[in-house]
Each structure stands twice: as structure tokens, then as C-alpha cells.
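**Student:** Next come a sequence and a model predicted from it.
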Amino acid sequence: MGFHWAEEGLVRGLAPREGVRHGGDGQVSTTTDAQTYTSDEMMSIAAARALGAGQRCFVGIGLPSTAANLARRTHAHDLVLIYESGTLGSKPDRLPASIGDGILAETADAVIGVPEVFNYWLQPGRIDVGFLGAAQLDKFGNINTTVIGDDYANPKVRLPGAGGAPEIAASCREVYVVVRQSKRSFVDKVDFVTSVGHGSGKGDRERLGLPGAGPTLVITDLGIFRPDPETCELVLSQVHPGVEVEQVREATGWDLTVSPELSRTDSPSETELATLRALKEAK
Amino acid sequence: MGFHWAEEGLVRGLAPREGVRHGGDGQVSTTTDAQTYTSDEMMSIAAARALGAGQRCFVGIGLPSTAANLARRTHAHDLVLIYESGTLGSKPDRLPASIGDGILAETADAVIGVPEVFNYWLQPGRIDVGFLGAAQLDKFGNINTTVIGDDYANPKVRLPGAGGAPEIAASCREVYVVVRQSKRSFVDKVDFVTSVGHGSGKGDRERLGLPGAGPTLVITDLGIFRPDPETCELVLSQVHPGVEVEQVREATGWDLTVSPELSRTDSPSETELATLRALKEAK
Amino acid sequence: MAEIVSLAEGVGRLVHDGDVVAMEGFTHLIPHAAGQEIIRQRRKDLTLVRMTPDIVYDQLIGAGCARKLIFSWGGNPGVGSLHRFRDAVQNEWPVPLEIEEHSHAGMANRYVAGASGLPFAVLRGYSGTDLPKHTDTIKQITCPFTGEQLAAVPALNPDVSVIHAQRADRAGNVQMWGLVGVQKEAVLAAKRSLVTVEEVVDELEPVPGQVILPSWAVTCVAEAPHGAHPSYAQGYYDRDNAYYEEWDSIGRKRDSFEDWLREKVFDMEVTDK
Amino acid sequence: MAEIVSLAEGVGRLVHDGDVVAMEGFTHLIPHAAGQEIIRQRRKDLTLVRMTPDIVYDQLIGAGCARKLIFSWGGNPGVGSLHRFRDAVQNEWPVPLEIEEHSHAGMANRYVAGASGLPFAVLRGYSGTDLPKHTDTIKQITCPFTGEQLAAVPALNPDVSVIHAQRADRAGNVQMWGLVGVQKEAVLAAKRSLVTVEEVVDELEPVPGQVILPSWAVTCVAEAPHGAHPSYAQGYYDRDNAYYEEWDSIGRKRDSFEDWLREKVFDMEVTDK
């Protein structure tokens, strides 16, 4: 849990645009290559593509779990899924409904207690990728899942809290964040640092003694961000099909920098879409 | 392990006496009530009698294991045996040949890892009785199983070392020591404090932060010692059948104090002897 | 040795007003029946401890049993927010709720320290986050060998821990399997413990992945069939995902919650569940 | 992912002169075949780590492979002394042996810290004993919450850990059961690991009490049937108690030991075991 918040929505309003229409479920759909898919589907598929074969991935429920399971079914069959509920190497044949879904234990290589997950497997840096969601994310990739508002004691909105995220963000070799993008979720500075990204910029992680590289990739429903090698500020490096840079800028709460090598995400392949939908339907 | 040394002998020479003769195996035998038994058998039986029903007992191999298994077969059927190899509630039907004998795991209520034995079960004070052996024991019940001689770097005899004993002696609610008695094993001051008994006297355990009561009972092949409530010095409180106080004094390396309420151990019953021998034969 | 009692008797004897109460179960084996029995017996001023206060604590908090919550993630997993928890934090309804907030790693290690008889645990955690500013049970400690700075958290030693397991035998030995979370540590860390089980059986047949709590490490065992519902008990029943969805609307409003409380808790016979 | 290799290749690739080598197995599953292969490959200047250096390390020490021993109990369990160990400590034969001596609780926690990526572990231990006078890896630490003094020991992070297990599958996932000691921690604490197994199988059928080491947490797996002898492998063969007795006379004298070394180690083909 702890990265689960992202699922809850904070639903973004995007202006309809050419080739893009609102689906019946309020999500944005794109028509391309005779295929229609939603922006959420594009996000899941882009996130899945980021995972490499053989990687060990610490998976939060919701968007990260969908993406990781999709990757395992498409190009990364030997992806090792680790859930904080205590499963190493889960191989669910449907999307788990919660982080402690029985199917995760039943299909795991090993089931262990929760202290062991954190102490023996996460903390020593054995995990390649930590896959997190966020309620708020700032330009240095810091994550807030605790409170909205300035006053911790009297929050505007009380969020679920940290869960496993602070130590996942600290200890995994890299962190990928998957989040639906809007001015509310993509802010200049998070109200509360639940999990450290790049702190206030380059060198902060080293100063704080955080062993992993932090967020190296942020995947949204609009595009993909990477930290600038010099400043660690998140820079737009990729836009999804049908998305314009201006739209991304409007959905970003800081003065957006766009990479000079900006590229466009490949549209979902038929296999990717079919696999994702089959996964979602198998309940 | 760690209390296993006591098995190795340091064999005591006792002068033959009326009703007492040397058995073929070099041990001293006593004839009483139409029964012949060795001083080791008397020691094991006296040690077994000290264990109460329902107690949780942390058992070293050798003399302590023999006594604890005998107790479980005579008067203390629900004695809970805990071995540092990782078994809770072992119910072996023969004497285990080592502390990690397979029969201990096969008959246990639970098998756990070694770190858990020490951290979750011993350290918090869940064990009633720690049953230890000793190569050397001093008048305050301190135990040496490390080196004989003054120079740790160049010992006269290198003994096996601490094993689990220091923390067993620290954390069990009480400690019983079973040891064959001689001037070599029963010394004024141990050459090396491997496991703390009563330190240098009353109040030392509290000063050292040791939660358990320490050695409340020392059972030898000659008799039984208890710490004096005022000084914590071991005092002879009981002699086994056929043993004279003078003999005990000769086998004690300090100026022995005898309890004013000195009593005599009951001879082994037929049941006790038969059970002990059956246990030893079932290999 | 654990005593086998009824759920009502177990809660009555072991859970007192003002106690620090830990109820654990990580998605699996959540002791819901015991939670509702605590509400039914109208316990007050509890300090509730739980890594993932989900529906079980939303119910206790909404019913006014708690004065403080020690936790690391409070949500309705797969659904959204805990409305009773939010209402207590944001509006002090029905009573104010103090919070002490950690991460999962911190909470897990606090139980480990508690189970180990140590006053604190050490971890690599919290560094750079805003949690230490608001949680005074997070401190720094220096490695005496390397000089490194690490986080220290104090042991949790609840007055009573409550968990649910699949089975116990008649001697009170407890057996659970599947995701076993932090339940063993919670029981071993506590002064007293209550274990509800799906069934009491003659013999505990070994199961791969099992965790055994020996009878002498448990205070009371109570049979509570279906006692983890809407959570699940592997080998017995599945998670009731629809209930989690439904809870969102029950818990959202004070009056719908109070209706639920009256109908499903106070007006229910204990044996009806 | 673990690579499946021969025992000779595994030792050749993973164990180097001067390494810190941990070989674990608490009475059960002691990696004797691997120990003899290390002797056969004439490794030198090893720092050997083991809670209970019994026959397996008496052999390595007698063969002159070790310059240092980190341990908590060195004896021949159920029999008596380790004569090669004594000869090395008391007479520096065949080479001097430095020792670093702990208690079991200390050693177990040093492995736990190593497996956990922490620089040290905290325990209630050593207080009042003479061990801290001679072992500089025992220090005091103060609880930042209660002010209590406790013992601290540094993490063990061997260059290589070697263990024996019942089975592995062809992907290199390792399965062991019965008394599992501190083997998981030893492997997770080490930079590299070698697991010898009774057999490599297609599928690891679940066994109650099993511990699984995923393939990606292990460096190499080598099939070594009977590789724990004279120790035992639950489900495969029993402990050879007579061998432990016999070792007392083999190890007692330097020349009988050297005869053994020549006949049973150096003149043996690896595949003959």
C-alpha cells in the first residue's frame, strides 16, 4: 500500500482534441491505427515497457501492479514481482485486487513475513525497481501521500500515509512513478515529503544517505519525464500519441522544461492492448 | 552447544567407600535399596526432579538434555523443551545425539531459525529454566567454557567457547547448572567468565542489567548447591545417598559452606532408574 | 498455556478501557469479528496500533473506541479513503483522534523490537522525509563501528494484541499460513494476546508456509468462524471485495455508519456472525 | 539468477585466497563436501566464519587454509574437542590462527545485520562476561528512547557464504527444511554465495517448514549428493554419529590427520564423493 493513492483519481480534465475523445468512463480515449485506447491504458503500457527482463520489481497495487503484470505477460516474462505483503516472485494470472490478494501468495516462489520483506529484501538494495504511485509529485520527484495542505495537524485532506513508500523510494536501485497528471498532482513543491525523490536537487540523495538513484522515470497519462542529469528537475522527455506539449505544460504545476530530444511514445500495439484488457477482465 | 563441555569428563577420582564401588566404566556406583546406580545417574535424576510441570526449559545437549527428557517421561509430561538449534516443544522418544538431532525438529511444535530462537524466544525472558553445563564453575555460579589458564591468548586448554550460554544465563528466569564436581571444575574463581552466575556476589546481576535470577540450583554427582540468599555464594544444601560432606568439601575449590538445613537426596526410584536407562538405550 | 474461551469472554477479559491494542493481519486474516466485539463491549480510550488501519479500525474509530492511532497506512485498499478515520482526524468526530505516524518499515521493526525484548530497533528509514518533524518516536542513532547515522524507533509492546488465524488445536497451539504479515511479532510483543481462529481442531496438520504460535505464547484463543470477513482466510474463504466497495458508502456519512453500527454490531448476537 | 555449476567450478569461481568465507548449517546440512573441495583447491589465508566450527572447520584449519576464525562454539558435538583447532590456537600448527570470539546470540545477530544491510545489530548480551575484553567487535550502545545500555555487534558480510540444502530447481531456486539455522541470513549477508544441494529437480514441491532462497539471491548452485555427510540432510540421510567419534582419533594427531587429508581429500576425484 502507500502507493495506492494514485488509483483514487484526482481525475484530470483534458480538453477534447482531434483524434481524442472522452470515453464513457470519463477517461480520455485516443484513436490510432484503427485502435481506440484510453490515456490510462497508454500510461499502463508505457510503464510496462519501462520494465526490463529479469528485473526485480517492488510493486504497489493499482497502476504499478497493472503495469508490472502487463510487462510480465509481454516482453519481460522473468520479471520478479515483489509485494510488500510478503511475496517474492508472484505470478498472478489475473490482476490482484489488493496488495494482499491470496493469488499473490499462492503463486509466489516464497512467502515471507512483512518484517523480512523490508529488512532482508528491500533495505539491502536487492530490488532493481520500486514502482510507486503518488497523490502529489513535485518537480524533483518527491512524493506526498500523507496530507494535502500546509498544516499537518489540520490537513485539508488526510491521505493514507506512507506505507512502504519512503523506504522503497530510498532503497530500490531506481524508482519509477506512475501517476495521472494534473496541476493538482504535479506541483512545484509537495505539501509533505512522504518519500524522497531528488530532495531539493542534485546531491541531496547522497547527503541524505539514500542508496538508490531515486526516480529515474515518471510515467503519466500524458507522457514520460526524466530527471535532468545536472539539476535533477523532472523534464518532459516523451509525449504519448495525440498529446501536445502545451497540454502537458497546462497539467504541470511548475515551469515545465522540455527535453531537446523530446520524442513521441509508440502507440500501443495490438498485443499490448489485448493483453492489458485480458488482464483487467480476468477477475 | 556451549554447555556441552561438561560431558567431556574432567573425571573426578573418588575414594571407594562403603556401599560405593567403581563401575566398569570408571564411574562411581552406589548400591542402595537393592539397586545399583552410578553417580551420573543420581545426578541426572536429581536434575530431572528439579524441573516442574509446564515449565519452558532451554536445554543444552549432554547432561541437561538427559535430565530434561527424563523429567518429561516421569513427573513433568508437559515440560516444554527448547533447543537452540531452533526447536520449540521437542518431544523426542530417544535421547538426541546432538543438539541438532533430526528427531528434535521432527517432534517439535515449531521449528524456527537460530536468530529467532535467541531474539524472539530467549532474549525477552520467555524461558523459565536455562539448563547449562560447565567446564569450570566458581563459588558465585559463574561459568567458564572458554579457556583454562590465565592467558586467553595462550591458554593451557582451549575449550569450545560460549555458544548460547551467556545469553541463556542472562535471560532465563532461573538457571540450573549440571556439572560433575571436582576441585578442577569447582573453583574459587573461574579463569574466564563465559556466562555470568552471580558475578562477585549479591546485587551484581542487577548492576549488570541481567534480567533472570541466575543459577538458583547447581546439581552435581555429589549433591545440590543453592546460592545463599545474602551472599549468593553457592552453599551445599543436599548430599546424594552415600556421599559424605567431607567428600564434597574435598571436591570443592573454595572454603565450602554447608547449609544448616542440609538434607539428603532421595535415592532414585525404580521408575526413575528404569526410565533413564530406557532413554539412554533407545538410540 | 492459552485458554480457549468465547470471543466475548476473550475480549472482556483481555481488552480494557485505555489499553494499547494492536490488531494485525496484512490484508489477509484481519480480525474483524474481534474488532466488532470490542465495539459491542463499548471499549473507550484505546490506543489502536496497526500498520494498515483499514475497515477494521475505521469501524472502531467511528464507534468512538479510540483516542489515538499508531499506524503507517490508513486507507480502504483498492477503494479509497477511510471516511470515519478522516472525520476523526479532520473534525474530531465522534471524539478527537491523536495520530502517531510511521512507515511500514518502521512499524514492522517496532514490533520486531517488541517481540525481541529490546527497547528499540534500527533501520535505514525516514531520511529526508517530513515524518520525523511530526512523529517524536523517530530518532537518529550512530553506528558505534562505522559512525553511520541510522533511524531508531522504539519497541511496540501493546497491552494486548489481537490476531485471527486459521486454526488452533485444543491445547491452544495456533497455526496460520498464507500471508502472515506481522502477526507473530505483534503477539510476541504484547503483554496479553487474543487469537481468534476459524476452527479449533484435534490435530494441527502441517501446512507449507505455516507459522505456529505455541500455546504458551498466547493468552486466549476464541473460535470465530468467518472472523476475518470481509478480509479472507486462505484455505477457508476469499476476500469479499464487494464489501470493501460497499464500506465506502456505509462509512462515508455519519448516519449511514451509525445505522450500520446499530444493525450490524449492537443488535447482533455474538453467536450470529 | 543462480548458475548451476559443478562443485569444483563453484569453489574455483567463488572462493578466493584471503576471502572471508562463512559456511553455515547448524548441526544439520553442514556443507562438508564444499569444505573438502576448498581444501582440495588449496585455498589460503581465509577468514573462516561459522557459529559452530565443528569437523568441517577442523579439517580446513588443519589443512592450513585459514588465518582467522570468527565463531561462537568450537567443538566436536557429542564427542569433545576439535584437535586441529586446538593445535592451531595453542601451537600455531600448521599456521597461526587468529580468533574472534562471540556468543551464538551475537553471531546470529551479526548475520541478521549483514542480511539486512545494516552496519550493526543490537542485543542484550555479553554483559558481565569476559568476552568484550578480548573481542573488539563487541561494543555498547545506548537506547535513544530509554537510555538503557545494550550490546552492539558489527554486521557480518562475508565475501562468500557456502551452505548445503536439500534441493534446487533448474532455475536455481533453493529449498531447504528441517533445522534451517542461520543459513538464509548467511547467504543474504554475503557478497557471493554457493549452495550445494542433494539434488537438482524439475519442480520444488512445497514442504512444511521450508525455506526458499530465490535463484536471484544466490550466485551458484552445485549438486553434491551426500554433501552434508557426516552431518545429515533431513529427508535424505541421517547423521553419521560414528564418523563424529572417529574424527576424534583422526584429528587428534597431526600424522593421522595428514594421512586422512591425503587419502580422503587430495587423492579423491571430485566426482567420487
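**Tutor:** Good, I have the coordinates.

**Student:** Near chain D, which residues of the stretch 151-283 of chain A are found?
**Tutor:** Counting by Cβ under 8 Å from any Cβ of the partner chain, the stretch 151-283 of chain A comes close to chain D at A:Ser171. C-beta coordinates here come from the backbone N, C-alpha and C atoms, glycine included.

**Student:** Near chain A, which residues of the stretch 101-250 of chain C are found?
**Tutor:** Proximity of the stretch 101-250 of chain C to chain A is confined to C:101-105, C:108-109, C:111-112, C:123-131, C:133-134, C:148-149, C:178-182, C:184-185, C:209, C:211, C:232, C:234, C:238-239, C:241, C:244 under the rule Cβ under 8 Å from any Cβ.

**Student:** and residue 60, how many neighbours?
**Tutor:** I'll assume chain A. 27 (other Cβ atoms under 10 Å in any protein chain shown).

**Student:** please go with chain C instead
**Tutor:** For C:Leu60, using other Cβ under 10 Å, the count is 25.

**Student:** which outside residues touch the helix or strand containing it?
**Tutor:** With secondary structure defined by DSSP states H and E, C:Leu60 is part of helix C:55-62. Taking Cβ atoms under 8 Å, 6 or more residues apart in numbering or on different chains as the criterion, the residues outside helix C:55-62 that touch it are C:23, C:30-32, C:35-36, C:38-39, C:46, C:48, C:50, C:53, C:66, C:69, C:71, C:74, C:76, C:82-85, C:87-88, C:94, C:97, C:230-231, C:244, C:247, C:251, C:257, C:261, C:265.

**Student:** buried subset of the residues of the stretch 101-250 of chain C next to chain A?
**Tutor:** Buried subset of these (neighbour count, 16 or more other Cβ atoms under 10 Å in any protein chain shown): C:101-105, C:108-109, C:111-112, C:123-131, C:178-182, C:184-185, C:209, C:211, C:232, C:234, C:239, C:241, C:244.

**Student:** List, one by one, the residues from chain C near chain D.
**Tutor:** With Cβ under 8 Å from any Cβ as the criterion, chain C comes near chain D at residues C:117-124, C:137, C:139-141, C:143-146, C:148, C:150, C:152, C:154, C:206-210.

**Student:** picking up where we left off before, can you list which of the contacts of helix C:55-62 are found in strands?
**Tutor:** Among the contacts of helix C:55-62, the ones falling in strands (DSSP state E) are C:Met23, C:Leu46, C:Leu48, C:Arg50, C:Ala66, C:Leu69, C:Phe71.

**Student:** Now flag whichever of those is closest to A:Phe186.
**Tutor:** Minimum distance to A:Phe186 across the ones in strands among the contacts of helix C:55-62 is 27.6 Å, recorded for C:Phe71 (Cβ to Cβ).

**Student:** Burial check on the closest one, number of neighbours?
**Tutor:** As a burial measure, C:Phe71 scores 24 neighbours (other Cβ under 10 Å).

**Student:** Help me confirm that it comes into contact with C:Arg50.
**Tutor:** Yes. At 5.7 Å, C:Phe71 counts as touching C:Arg50 under the criterion of Cβ atoms under 8 Å.

**Student:** which residues are in contact with stretch A:45-54?
**Tutor:** The set of residues that contact stretch A:45-54 without belonging to it, under Cβ under 8 Å, 6+ apart, is A:57, A:63-64, A:67-68, A:70-71, A:74-80, A:129, A:131, A:176, A:178, A:217, A:219, A:224, A:238, A:240, A:265, A:268, A:272-273, A:276, D:1, D:216.

**Student:** go again using 7 Å as the cut-off
**Tutor:** For stretch A:45-54, contacts defined as Cβ atoms under 7 Å, 6 or more residues apart in numbering or on different chains pick out A:57, A:63, A:67-68, A:70-71, A:74-76, A:78-79, A:129, A:176, A:178, A:217, A:219, A:224, A:240, A:265, A:268, A:272, A:276.

**Student:** how far does that stretch stretch from start to finish?
**Tutor:** Across its full length, stretch A:45-54 reaches 18 Å between end residues, using Cα to Cα, to the nearest Å.

**Student:** from the residues of chain C next to chain D, which ones fall inside strands?
**Tutor:** For the residues of chain C next to chain D, membership in strands holds for C:Phe120, C:Ala121, C:Val122, C:Leu123, C:Lys139, C:Gln140, C:Ile141, C:Leu150, C:Ala152, C:Pro154, with DSSP E as the criterion.

**Student:** thinking the first one is in contact with D:Cys143, fair?
**Tutor:** Read it as C:Phe120. Yes. Taking Cβ atoms under 7 Å as the definition, C:Phe120 is a contact partner of D:Cys143 at 5.1 Å.

**Student:** Just want to know which of these two has more residues nearby.
**Tutor:** Counted by other Cβ under 10 Å, C:Phe120 and D:Cys143 do not tie: C:Phe120 has more neighbours, with 25 against 19.

**Student:** Can you tell me the centre-most residue of chain A?
**Tutor:** Within chain A, the residue whose C-alpha comes closest to the C-alpha centroid is A:Val178; the distance, by Cα atoms, centre = their mean, is 1.8 Å.

**Student:** give me the beta-bridge partners of that one?
**Tutor:** According to DSSP bridges, the residues that bridge with A:Val178 are A:Ile219.

**Student:** what's the closest non-adjacent residue to whatever residue of chain C ends up closest to chain A?
**Tutor:** Nearest residue of chain C to chain A, counting by Cβ to the nearest Cβ: C:Thr27, 2.2 Å away. Nearest in space to C:Thr27, with sequence neighbours left out and distances taken as Cβ to Cβ, 6 or more residues apart in numbering or on different chains, is A:Gly100 at 2.2 Å.

**Student:** mind listing what that neighbour touches?
**Tutor:** For A:Gly100, the contacting residues are A:Ser85, C:Phe26, C:Thr27, C:His28, C:Leu179, taking Cβ under 7 Å, 6+ apart as the criterion.

**Student:** Export the helix or strand hosting C:Val112 to PDB, keeping only CA atoms.
**Tutor:** Per DSSP H and E: C:Val112 is located in helix C:104-115. Taking only C-alpha atoms (Å, rounded to 0.1, in the frame of the first residue of the first chain), the coordinates of helix C:104-115 have been written out as PDB:
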ATOM      1  CA  HIS C 104       5.700   0.300   7.200                       C
ATOM      2  CA  ALA C 105       9.400  -0.500   7.700                       C
ATOM      3  CA  GLY C 106       9.300   1.500  10.900                       C
ATOM      4  CA  MET C 107       6.200  -0.200  12.300                       C
ATOM      5  CA  ALA C 108       7.400  -3.600  11.300                       C
ATOM      6  CA  ASN C 109      10.600  -3.000  13.100                       C
ATOM      7  CA  ARG C 110       8.900  -1.600  16.200                       C
ATOM      8  CA  TYR C 111       7.000  -4.900  16.500                       C
ATOM      9  CA  VAL C 112      10.200  -6.800  16.000                       C
ATOM     10  CA  ALA C 113      11.900  -4.900  18.800                       C
ATOM     11  CA  GLY C 114       8.900  -5.500  21.000                       C
ATOM     12  CA  ALA C 115       8.900  -9.200  20.300                       C
END
